[in-house]
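>>> Coordinates for the following, if possible.
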Amino acid sequence: MPTKPISARIMRRTTPPHPAPTPQTTVALAPASSPVGRGEPHRTGILPRPTGGEAGPVFPRLRDGRVKGSPISQSNHSGSAPIAIDLRRQAEARLQKRSKIQQSPANAPQSAVAAQRLAHELQVHQVELELQNTELLSARDQLEILVEKYTDLYDFAPVGYFSLDEQGRILEVNLTGAAKLGVERARLIHRPLLPFVVPASRPIWLAFLNRVFAGTVKQVCDVALLRKDAGAFWASVHGISALSVGDPQKWCRVAFSDITALKQAEEVHHRVEVLAASNRKLEQEVIQRHSVEAALRQSEQHSRQLLEQTRRLAHRVLLAQEEERKQISRELHDEIAQTLTGINVELAALKLTTTASTAGIAKKISSTQRLVEKSVDIVHQFARELRPLVLDDLGLVPALHSFLKGFTKRTGLQIHFTTFSSARIQQLNNVTRTVLYRVAQEALTNVARHAHASRVDVRIQKLPRAIGLTIKDNGQSFPVARMLHAKTNKRLGLLGMRERVEMIGGSLRIESAPGQGTTIHAEVPFTTDRTRGGGGNKPSARFKF
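Just a heads-up that it's a prediction; the model follows:
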């Protein structure tokens, strides 16, 4: 567990270890009076005590624990580190520059040779120590520079660095971290960090610490922290667990980055998104309202058109009624009145002719009878045009048959009439019969007046749930849409047919194209006067007039 400053930890790791004290003998390595060590500082070397009872050669102990000059040292010399060999070579070279070693005579005693060799080895060892000391001083200076450099990087980093134990207590903190919390660094050591966490973020912080100490990978979370004598701020926390050498206690490194501006930007962005969503919703509502208003305007316009069309239709109905009354009055005046006047004249002449022969009287009576019969036929024709009795008495097919026969005689058109002789057709109610009869009557009247056709096909067919009536001619065509919607349209027949069919829930379709004539399709629901069902379809009946 790191409880000392970083500089103390680095110096402790880089300082070379000292061996434990053992029974030793102190020997002066280079006295001031020695020609070898003259001018050098007086240093002391540590030599091992001889193990035997006799005086023997004493060898200096090297840094790796071996004794230089001993058999073990000589046997293992080839396995020494390259740095130690290089250091020894440098020492020997420096020693040769200082002085020349005097060679002993060949017949010198063995003890003098050993002493001379020992002195040489001690001098080499002394130079080695001097080189080591120089290197250590240089390394210390470099480490102090690095420590100062990385201490500045650590303390003045833009993020706060904390070292925490498993209980969340602060072991170390840099100046930036202390400044973010608004507390002096010395007062933060060994204090728990949890009180500086906003209560709402404490569950997140505790869960984050559990994850950090439970694994070895970096963990990240966002929490809100309290700054002393100031408001809260948001921090992005990155943490990872760590272990100290020789200390089983767990601790972790944590870095805090101030993300208050980012959180505010995210909040602003969220508000912008909410406002954008509200704006889109309002735009949709405005579009929907515009659509509804357009539909209402269209509906109002359609209603006004229908109202205007209804007014025009009512006006035309009144005009048509007046025109029909005028025509009936003219027909009564021109046909029946003249016939009755002729009858009256004949009767007056017969009254005055008292001397006439019997043959002449009979002739005049016969002429008068013919006039009476003509008057009766005209009255019957008017009755059929107003309301054919056969439609109520016999049904739709006989009424159409009688009308088409008379229409062919009056106009000379070739008419082909086809119908399905189904019993259900005879069961149609009076309203449906009347509508289909009037549609056929008005369509053929328009053909005779405007189409200049030579052939007309009239067909009644049984549909799944309706009765269909089709009138097709080979005459001239006309623009259907313009004729139906024109304000100046005087063709009451088309509007009358459509109104009659739609009045009973049916539909009317008019098709007209150049070279193909005009086709009118009318479909009305199948309704009967009685609830009992009719028989199936029988073979169709065709009539040609």
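>>> From now on I want contacts and neighbour counts done on CA atoms only, so please keep to that.
Noted.
>>> who does the longest helix seen in the chain touch, helix- and strand-wise?
Assignment by DSSP state H gives helix 260-331 as the longest helix of the chain. Judged by 3 or more CA pairs under 8 Å, 6 or more residues apart in numbering; DSSP states H and E, helix 260-331 is in contact with strand 232-244, helix 492-503.
>>> Do you have the strands of this protein handy? List them.
Here the chain has its strands, by DSSP state E, at 24-28, 44-48, 160-165, 170-173, 219-226, 232-244, 247-258, 414-420, 455-462, 466-473, 507-513, 517-525, 540-544.
>>> and those, which is most packed in?
Compared across the strands of the chain, strand 160-165 shows the largest average neighbour count, a mean of 24 (mean count of other CA atoms under 10 Å).
>>> That strand pairs with which strands, and in what direction?
The pairing partners recorded for strand 160-165 under DSSP bridges are strand 170-173 (antiparallel), strand 247-258 (antiparallel).
>>> could I get the ones you listed as TSV with distance to Ala265 and mean pLDDT?
Formatted as TSV, the strands paired with strand 160-165 follow (distance: least, CA to CA, whole Å; pLDDT from 0 to 100):
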stretch	distance to Ala265	mean pLDDT
strand 170-173	29	92
strand 247-258	13	88
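>>> Let me have those in JSON lines, adding distance to Glu283 as columns.
Formatted as JSON lines, the strands paired with strand 160-165 follow (distance: least, CA to CA, whole Å):
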{"stretch": "strand 170-173", "distance to Glu283": "54"}
{"stretch": "strand 247-258", "distance to Glu283": "39"}
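>>> Out of the strands of the chain, flag the one nearest Glu144.
strand 170-173 (20.3 Å; CA to CA).
>>> what's the angle between the longest helix of the chain and helix 492-503?
Going by axes from the mean of the first three to the mean of the last three CA atoms, to 10 degrees, helix 260-331 is angled at 120 degrees with respect to helix 492-503.
>>> still on that earlier bit, kindly reformat the strands of the chain as CSV containing distance to Arg202.
Listed next are the strands of the chain as CSV, based on distance: least, CA to CA, whole Å:
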stretch, distance to Arg202
strand 24-28, 62
strand 44-48, 61
strand 160-165, 16
strand 170-173, 16
strand 219-226, 8
strand 232-244, 13
strand 247-258, 15
strand 414-420, 90
strand 455-462, 83
strand 466-473, 78
strand 507-513, 76
strand 517-525, 77
strand 540-544, 93
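>>> Out of these, which is closest to Val272?
strand 232-244 (20.6 Å).
>>> what about dumping the CA coordinates of the closest one to PDB?
Taking Å, rounded to 0.1, in the frame of the first residue of the first chain, the C-alpha atoms of strand 232-244 are listed here in PDB:
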ATOM      1  CA  ALA A 232     -22.000  19.900  -7.600                       C
ATOM      2  CA  PHE A 233     -20.300  18.900 -10.800                       C
ATOM      3  CA  TRP A 234     -20.400  15.900 -13.000                       C
ATOM      4  CA  ALA A 235     -17.300  13.700 -13.300                       C
ATOM      5  CA  SER A 236     -16.400  10.700 -15.500                       C
ATOM      6  CA  VAL A 237     -14.600   8.200 -13.400                       C
ATOM      7  CA  HIS A 238     -12.100   5.600 -14.700                       C
ATOM      8  CA  GLY A 239     -10.700   3.100 -12.200                       C
ATOM      9  CA  ILE A 240      -8.500   0.000 -12.100                       C
ATOM     10  CA  SER A 241      -7.300  -2.200  -9.300                       C
ATOM     11  CA  ALA A 242      -3.600  -2.400  -8.200                       C
ATOM     12  CA  LEU A 243      -1.300  -4.300  -5.800                       C
ATOM     13  CA  SER A 244       1.900  -3.200  -4.100                       C
END
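>>> which residues sit against that strand?
Identification of contacts with strand 232-244 by CA atoms under 8 Å, 6 or more residues apart in numbering yields 1-2, 198, 212-213, 215-227, 249-260, 263.
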